[in-house]
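Novice: Predicted coordinates and the sequence they were generated for:
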Amino acid sequence: MAPTSVSAPDAGGVPLRQDARPIALIGLAHGTSHFFHLLLPPLFPVFIREFGLGYSELGLLVTTFFVISGIGQALSGFLVDRVGARPMLFVALSCFVAASLAAASAAGWGGLALAAVLAGLGNASFHPVDFTILNKRVSQARLGHAFSVHGISGNLGWALAPVFLAGVTAATGSWRLAYVGTALFALVVVAVLALNRDALDDRFGAIAPHARQPGAAVEHPMAFLRLPSVWLCFAFFFWTTAALSAIQSFAGPALQQLYGLPLSLTAFVVTGYMLFGAAGMVVGGFVASRVARLERAIGWAMAAAAAMLFVAGSGWLPGMAAAALAALAGFGTGLAGPSRDMLIKRATPPGATGRVYGTVYSGLDIGFALAAPVFGALLDHGQPAGVFYGAAAALACGVASASLVGLRVARPAQVAAA
């Protein structure tokens, strides 16, 4: 039901409160999905001690998660377009509860792999769900800020997971109780979203779905796959996520090997990277709303982040300065985030939001899946600097992909203007 009062000036006739509810709820859901990306990696040192596993084996757990999520994400976009985003959201959160319980009862690599599969199934539908609801329930004038909040919440979820899991494990002396805690966390999120489910109804909302013009031909559901811009967006996600995987899973041990810093300190580099990323997304929300050539904003921000990661791995700086610079690189990737999501929106044909976002964001999952064992093997073979050099190179490839997407999107607009 629409609110009866307006707490701030509206945009395009839509009250702020009406936009704020879906933005906040999707932010909470997205933060939860990112929290469960890191259901297992923060306790990798515990699994090495408990089960005698190596980094390559642990990297395969990350691969398992993201292979399941990537395949499921591409498929779930079609389900979201057909059955709606809201039902898929609650199914996904239920999978997170099951994944937590599987991790809590794991007796070895097989049990951890089951938890990775369940968490991957839960993660699969989030981006098609999130962007379908945001594009239908949030006014055009506030979409840049909605994408900013969406990205910030994801980074906060990533930042919270290591602190939560390590903190509960240290406080209780049991890593299994930490996973009971993650199950309870997911259940609380389910309750909050269920109580506010009217704001998540994507069947109607503040912004009506794209309507097909009378007499227009009905496109095949797979027609969007012919668009080069869709595959360029996919490539962009693949490369940028490969860089993120390097930092998220292996920056701590890499800094420890390069500079002799204690793991208790380097573990917070990931949290710092995510928090700086969240700060970058706050700024990025304003950039995405005001910049016409989004690929240029993305390029400059990500090039700066790549340079910081390269220097962090070079050994040119003292250990603490290198750790700080690696964390600061998150600001550049965060700044690019809202512009990235707006660029994908511009490249999406009418009526295919779920399918396009599902396909494009599966590049994120595949990037994680393929990069994790590669960077894990670099550490196992005594090449910690390769973690940072590889991440910087992947970001450079992402800049190239974004530039090509921008050219593809800009060309029809220039022709129309002419």
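Specialist: It's in.

Novice: separation between the residue nearest to the spatial centre of the chain and residue 401?
Specialist: Centroid-nearest residue in the chain: residue 154, 5.8 Å away (criterion: C-alpha atoms, centre = their mean). Distance, residue 154 to residue 401, by C-beta to C-beta, to the nearest Å: 20 Å. Every C-beta, even on glycine, is put in place using the N, C-alpha and C of the backbone.

Novice: What of residue 321?
Specialist: 31 Å.

Novice: all helices for this protein, in order.
Specialist: 16-37, 44-51, 55-83, 85-104, 109-123, 126-137, 143-172, 175-195, 228-259, 263-290, 294-314, 319-347, 353-380, 385-417 (DSSP state H).

Novice: mind putting those helices in a markdown table, distance to residue 202 and mean pLDDT included?
Specialist: Formatted as a markdown table, the helices of the chain follow (distance: least, C-beta to C-beta, whole Å; pLDDT from 0 to 100):
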| stretch | distance to residue 202 | mean pLDDT |
| --- | --- | --- |
| helix 16-37 | 9 | 90 |
| helix 44-51 | 37 | 88 |
| helix 55-83 | 8 | 82 |
| helix 85-104 | 4 | 94 |
| helix 109-123 | 19 | 95 |
| helix 126-137 | 5 | 85 |
| helix 143-172 | 14 | 85 |
| helix 175-195 | 13 | 96 |
| helix 228-259 | 21 | 83 |
| helix 263-290 | 22 | 79 |
| helix 294-314 | 25 | 87 |
| helix 319-347 | 15 | 82 |
| helix 353-380 | 9 | 78 |
| helix 385-417 | 25 | 75 |
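
Novice: right, so those: which one is the most enclosed?
Specialist: Of all the helices of the chain, helix 126-137 has the most neighbours on average by mean count of other C-beta atoms under 10 Å, namely a mean of 27.

Novice: so residue 258 makes contact with residue 313?
Specialist: Yes: at 7.1 Å, residue 258 and residue 313 qualify as touching, with contact defined as C-beta atoms under 8 Å.

Novice: Quick check: neighbours shared by the two?
Specialist: 322, 384-385 (C-beta atoms under 8 Å, 6 or more residues apart in numbering).

Novice: Phi, psi for residue 174 please.
Specialist: Per-residue torsions, residue 174: phi -140, psi 120 (degrees, to the nearest 10).

Novice: Report how many residues lie close to it.
Specialist: By the criterion of other C-beta atoms under 10 Å, residue 174 has 12 neighbours.

Novice: Let's see the pLDDT reported for it.
Specialist: pLDDT recorded at residue 174 is 93.

Novice: Quick check: it vs residue 322, distance?
Specialist: Look at residue 174 and residue 322: by C-beta to C-beta, they are 34 Å apart.

Novice: and if you look at residue 159?
Specialist: Counting by C-beta to C-beta, the gap from residue 159 to residue 322 is 20 Å.

Novice: now do residue 78
Specialist: 45 Å.

Novice: Residue 404 now?
Specialist: Taken as C-beta to C-beta, the span from residue 404 to residue 322 is 32 Å.

Novice: what's the answer for residue 244, then?
Specialist: Distance from residue 244 to residue 322, by C-beta to C-beta: 18 Å.

Novice: before we move on, what about residue 262?
Specialist: Remark: distance between residue 262 and residue 322 (C-beta to C-beta) = 14 Å.

Novice: Over to residue 394?
Specialist: Applying C-beta to C-beta, the value for residue 394 to residue 322 is 19 Å.

Novice: Likewise for residue 122?
Specialist: If you go by C-beta to C-beta, the gap between residue 122 and residue 322 works out to 35 Å.

Novice: now do residue 305
Specialist: Taking C-beta to C-beta, one finds residue 305 at 15 Å from residue 322.

Novice: quick one on the thing from earlier: same list (the helices of the chain) but as CSV, adding distance to residue 203.
Specialist: Converted to CSV, those look like this (distance: least, C-beta to C-beta, whole Å):
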stretch, distance to residue 203
helix 16-37, 13
helix 44-51, 42
helix 55-83, 11
helix 85-104, 8
helix 109-123, 23
helix 126-137, 8
helix 143-172, 19
helix 175-195, 16
helix 228-259, 25
helix 263-290, 27
helix 294-314, 30
helix 319-347, 20
helix 353-380, 13
helix 385-417, 29
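
Novice: Out of the ones you listed, which is closest to residue 201?
Specialist: Closest approach to residue 201 among the helices of the chain (C-beta to C-beta): helix 85-104, 6.0 Å.

Novice: Next, the angle helix 16-37 makes with the closest one.
Specialist: Per axes from the mean of the first three to the mean of the last three C-alpha atoms, to 10 degrees, the angle that helix 85-104 makes with helix 16-37 is 30 degrees.

Novice: which residues are contacting stretch 361-370?
Specialist: Stretch 361-370 is contacted from outside by 37, 62-67, 69-71, 73-74, 120, 123, 127-128, 233-242, 244-245, using C-beta under 8 Å, 6+ apart.

Novice: Okay, now stretch 288-298: how far is its last residue from its first?
Specialist: In terms of C-alpha to C-alpha, to the nearest Å, the two terminal residues of stretch 288-298 are separated by 10 Å.

Novice: Same check on stretch 34-44?
Specialist: End-to-end distance for stretch 34-44: 17 Å, by C-alpha to C-alpha.
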